[in-house]
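Student: using only what follows, build the 3D model:
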Amino acid sequence: MKFAQETANLSVNFGPKPLFRIPFLASVCTDHFADLKLPVDIQDNGSEVSIFPSIPCDPESHTVLRTENGKIYYSPKTFPHYVTDFNVDFETYLNSFGAKTKSTLRRKVRKFVDSAGPDCFRQFKSPEELLEFHAQAREISKLTYQENLLDHGLPDTPEFKQKMIALAEKDQVRAYILYMQGNPAAYLYCPVRDSILYYDLLGYDPEYRTLSAGTVLQYLAFEQLFSEKQFRAFDFEEGEGQHKRQFATRRVDCCSLFVFKRSLKARIYISLNYLFARMTAGTLWFLDKTGLRQRVRQSLR
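Tutor: Below you'll find the predicted structure:
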């Protein structure tokens, strides 16, 4: 297994909103989740915590908390993990959707292109192009609920831009913007590790929601990536979502795993994280029972 050492600011969330963060010296596993399996053998690497963001598991036998060999194994959640494999050509990939879904996708793309103009899509990958992408995508990000409510927009920090440029210099990033009559309408930012692209940062101008800007951008990005034949897969990362289900070619049940050295700080973080996770689950249960969940989501957006 490969690890990267870094300071990880582990968040305590209520729903998707971070309430506060606790820093830990961490070793983060950089292997793709499909190459991992439980149980994991953790060697002493000097870190306070070893982090596996996603690892295949059986939800039926999943254990949230256990201690073993002086370490605390904390696995707070299970989730589906969606991936699209680039092992066929684009037309074969589209045919796997079925005739109706394929026709609907193409109709949405055609409708957007007819309104936006022929030069409505652009890929960015060189350092110079990525700086241009960042400036344009930031204007979209400012309008999104991801940035305004969840603090998860496209970062506007020197550290992020330096990392972005470093990836571009190694040809380890792809980014895309969809335009409407020359104005940026949606963006997608995908870093690369081990020939796999990651669905990292995205957003669209709410003005173009009815034109399915996010779906159109994903379609055009995939059309480009399948023809490029440089990458083996596109990882949609953790979590459920209609967009992910629509474009993915496979789903794997996974969990996140944190292996802490025993310490008071670790126990405090685990206790708070678990408490607010249960509060979130209870709130979502109430909203589902009362039929308010969809209305709250729409209101927030």
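Student: and the strands in the chain?
Tutor: Counting by DSSP state E, the chain forms strands over residues 3-14, 17-29, 49-56, 65-68, 71-74, 78-85, 121-124, 173-180, 183-193, 196-198, 201-204, 233-238, 250-261, given from the N-terminal end onward.
Student: per the record, what domains does this protein have?
Tutor: Domain assignment for the chain, taken from automatic domain parsing, gives 3-78+253-300, 88-231.
Student: least reliable of these going by mean pLDDT?
Tutor: Considering the domains of the chain one by one, the lowest average pLDDT is found for domain 3-78+253-300, at a mean of 89.
Student: show me how far it is from its chain's centre.
Tutor: The gap between the average C-alpha position of domain 3-78+253-300 and the chain average comes to 15 Å, counting by C-alpha atoms, centre = their mean, to the nearest Å.
Student: just list whatever residues bridge to the residue nearest to residue 197 when sequence neighbours are not counted.
Tutor: Leaving out its chain neighbours, the residue that sits closest to residue 197 by C-beta to C-beta, 6 or more residues apart in numbering is residue 190, at 4.3 Å. (Each C-beta comes from the backbone N, C-alpha and C, glycine too.) As for beta bridges, residue 190 partners with residue 174 under DSSP bridges.
Student: against residue 265, how distant is residue 190?
Tutor: Residue 190 is 34 Å from residue 265, where distance means C-beta to C-beta, to the nearest Å.
Student: how about the domains of the chain, which one is nearest residue 242?
Tutor: In terms of C-beta to C-beta, the element of these nearest to residue 242 is domain 88-231, at 9.7 Å.
Student: for that closest one, how far is the first residue from the last?
Tutor: One end of domain 88-231 to the other measures 12 Å (C-alpha to C-alpha, to the nearest Å).
Student: same thing with stretch 22-35?
Tutor: OK, stretch 22-35 end separation, C-alpha to C-alpha: 29 Å.
Student: so which bits of it are buried?
Tutor: If you call a residue buried by 16 or more other C-beta atoms under 10 Å, then stretch 22-35 has these buried ones: 24, 26, 27, 28, 29, 32, 33, 34.
Student: quick one: which of those residues is nearest residue 143?
Tutor: residue 28 (31.1 Å).
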